[in-house]
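K.L.:
Structure for this input, please:
(chains A and B)
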2 protein chains.
Amino acid sequence: MNADTSFKKKPKHKKISSRAKAVVLLSGGLDSATTFYYALSKGYDIFCLSFDYGQRHKKELNCARYLASLNNSKWQLVRISFPWKGSSLLDKRIKLPQSGKKDIPNTYVPSRNIIFLTYAVSYAEVIGADKVFIGVNQIDYSGYPDCRSSFLSAFEAAVNKGTKRGINGKKISILSPLIRKNKKDIINMGSKLGVPFQHTWSCYKGERFLCGKCDSCLIREKGFTAAGIKDPLKR
Amino acid sequence: MNADTSFKKKPKHKKISSRAKAVVLLSGGLDSATTFYYALSKGYDIFCLSFDYGQRHKKELNCARYLASLNNSKWQLVRISFPWKGSSLLDKRIKLPQSGKKDIPNTYVPSRNIIFLTYAVSYAEVIGADKVFIGVNQIDYSGYPDCRSSFLSAFEAAVNKGTKRGINGKKISILSPLIRKNKKDIINMGSKLGVPFQHTWSCYKGERFLCGKCDSCLIREKGFTAAGIKDPLKR
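P.N.:
The predicted structure is shown next:
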């Protein structure tokens, strides 16, 4: 007798939920997309987190949502605001810088990454995740202070003193796998991981094509050239 | 000749703007109101910051706005959200605890104070303030991990590594003048500073009168009784 025992099989979502959970901060840019694919390659059950914080355009967010859906990962959008602006990314009256300067550029949004990370920690605590991934790097970057490893480790120490999980011995780790990579290495890494670069967006402007002039475009272009890979977004 | 030289006097706002600036996290509760009056007594030019984060009621926020206007201080409201809820203060389907338990109660909102503090630091950076006041205390409190001094000092260290002001040597200080005071001492302090307690709200419920049963009401009542002061909100 061949009884139908298929109903005894564990449903697929059971298997998924048994995997370790991780929150990935996914802006939709090249770095966060590579970080997302890195975390996927490690087998985590991933909860992507993106922010609508009044940025100049929503092209990045569309990329983030698409990348999450492409990989059947959960995607959570949080709407926040910076009423005091204080950055050219939030205030269209401030002109975007055209190229990298020695000082921190006016695209710096005060405490932006700290707020993103804190939200990620809140989310991690609610869903029971121990890992938070963030795609910052301190080599080919714009000099933002909240992209540096010294900040990330200090922040990790603080949240583990200020959260229920942290004080109960379930430490939350802030992981930044790109932190010491230059843009060339990030692009090579993303390429090996199968990141669809055509669905990432880096330009501060949200026009049809990359502007090719802003800090972010210049860093992206330099990276693709050095890696010997053609940027699919490049005309 | 008595020439009219009044026009040569510096306008009043000049004098105000020359004072050192401070951001005060003002929820509208008793502790944050006392902290606000403490900061006022120290002569700071104060920028009050309140949050609409989807809490059960808006009574506290009305108190915060009123207290700021009463003292001619700037008041900034920030609307944020916690889409994942995870606390009885955000999710009305979760019953509020009736009395203090040993464990962290379900009114704990994961990373709430960390997010508030991070916003305060962002605001401080934009307006050029070096001080952020928060009215937490770790004596008569609900056991929230982000109300403890060990967290606050770790957080201060992190933000000074992750902000433009911090890395440029203009350290931001997180001040918590109530941290080691019990509720009785806070009420005595507030009384001496002239805090209008009738315009503060502590109850987790937003009804006409204090419920008298929630954790926050019980701590408030105990404090007023110990201080020998009648709570003007008490029927």
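K.L.:
which helices and strands sit right next to the top helix by length along chain A?
P.N.:
When chain A is parsed with DSSP state H, its longest helix is helix A:112-127. Judged by 3 or more CB pairs under 8 Å, 6 or more residues apart in numbering or on different chains; DSSP states H and E, the packing partners of helix A:112-127 are strand A:21-25, strand A:45-52, strand A:131-133, helix A:149-162, helix A:164-167, helix B:112-127, helix B:149-162. (C-beta placed from N, C-alpha, C; glycine too.)
K.L.:
give me that answer again for 7 Å
P.N.:
Helices and strands touching helix A:112-127, as assessed by 3 or more CB pairs under 7 Å, 6 or more residues apart in numbering or on different chains; DSSP states H and E, comprise strand A:21-25, strand A:45-52, strand A:131-133, helix A:149-162, helix B:112-127.
K.L.:
how about the ones you listed in JSON lines, adding mean neighbour count?
P.N.:
Shown next, in JSON lines, are the helices and strands packed on helix A:112-127 (neighbours: other CB atoms under 10 Å in any protein chain shown):
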{"stretch": "strand A:21-25", "mean neighbour count": "26"}
{"stretch": "strand A:45-52", "mean neighbour count": "22"}
{"stretch": "strand A:131-133", "mean neighbour count": "24"}
{"stretch": "helix A:149-162", "mean neighbour count": "21"}
{"stretch": "helix B:112-127", "mean neighbour count": "25"}
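K.L.:
nearest to A:Asn188, of these?
P.N.:
Taking CB to CB, strand A:131-133 is the member of these nearest to A:Asn188, at 18.8 Å.
K.L.:
Whether that closest one contacts chain B - can you check?
P.N.:
No - Strand A:131-133 does not reach chain B (CB under 7 Å from any CB of the partner chain); its nearest approach is 11.2 Å.
K.L.:
Ok, stretch A:73-86 next?
P.N.:
Yes - applying CB under 7 Å from any CB, one finds stretch A:73-86 in contact with chain B at A:76, A:78-84, A:86.
K.L.:
Can you tell me which of those lies closest to A:Gln138?
P.N.:
Distance to A:Gln138 across the residues of stretch A:73-86 next to chain B (CB to CB) is lowest for A:Gly86, with 22.1 Å.
K.L.:
picking that back up, report the buried members of the residues of stretch A:73-86 next to chain B.
P.N.:
For those, a burial check counting by 16 or more other CB atoms under 10 Å in any protein chain shown picks out A:76, A:78, A:80, A:82, A:84, A:86.
K.L.:
Any chance of JSON lines for those, columns secondary structure?
P.N.:
Formatted as JSON lines, those follow (DSSP: H, G, I helix; E, B strand; the rest coil):
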{"residue": "A:Gln76", "secondary structure": "strand"}
{"residue": "A:Val78", "secondary structure": "strand"}
{"residue": "A:Ile80", "secondary structure": "coil"}
{"residue": "A:Phe82", "secondary structure": "coil"}
{"residue": "A:Trp84", "secondary structure": "coil"}
{"residue": "A:Gly86", "secondary structure": "coil"}
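K.L.:
now what about the longest helix of chain A, what contacts it?
P.N.:
A:21, A:23, A:25, A:47, A:49, A:51, A:76, A:78, A:80, A:132, A:134, A:136, A:146-147, A:155, A:159, A:163-165, A:172, A:174, B:82, B:84, B:86, B:110-111, B:114-115, B:118-119, B:159, B:162 (CB atoms under 7 Å, 6 or more residues apart in numbering or on different chains).
K.L.:
same thing but at 6 Å, please
P.N.:
A:21, A:23, A:25, A:47, A:49, A:78, A:132, A:146, A:159, A:163, A:165, A:172, B:84, B:86, B:110-111, B:114-115, B:118, B:162 (CB atoms under 6 Å, 6 or more residues apart in numbering or on different chains).
K.L.:
average model confidence for it?
P.N.:
In this model, helix A:112-127 has a mean pLDDT of 92.
K.L.:
tell me the contacts of A:Phe151?
P.N.:
B:161-162.
K.L.:
just A:Glu60 next, same as before
P.N.:
Residues counted as contacts of A:Glu60 (CB under 6 Å, 6+ apart) are A:27-29, A:201.
K.L.:
Kindly calculate the angle that the helix or strand that it is a member of makes with strand A:45-52.
P.N.:
Using DSSP states H and E, A:Glu60 sits within helix A:59-70. Counting by axes from the mean of the first three to the mean of the last three CA atoms, to 10 degrees, helix A:59-70 points 160 degrees away from the direction of strand A:45-52.
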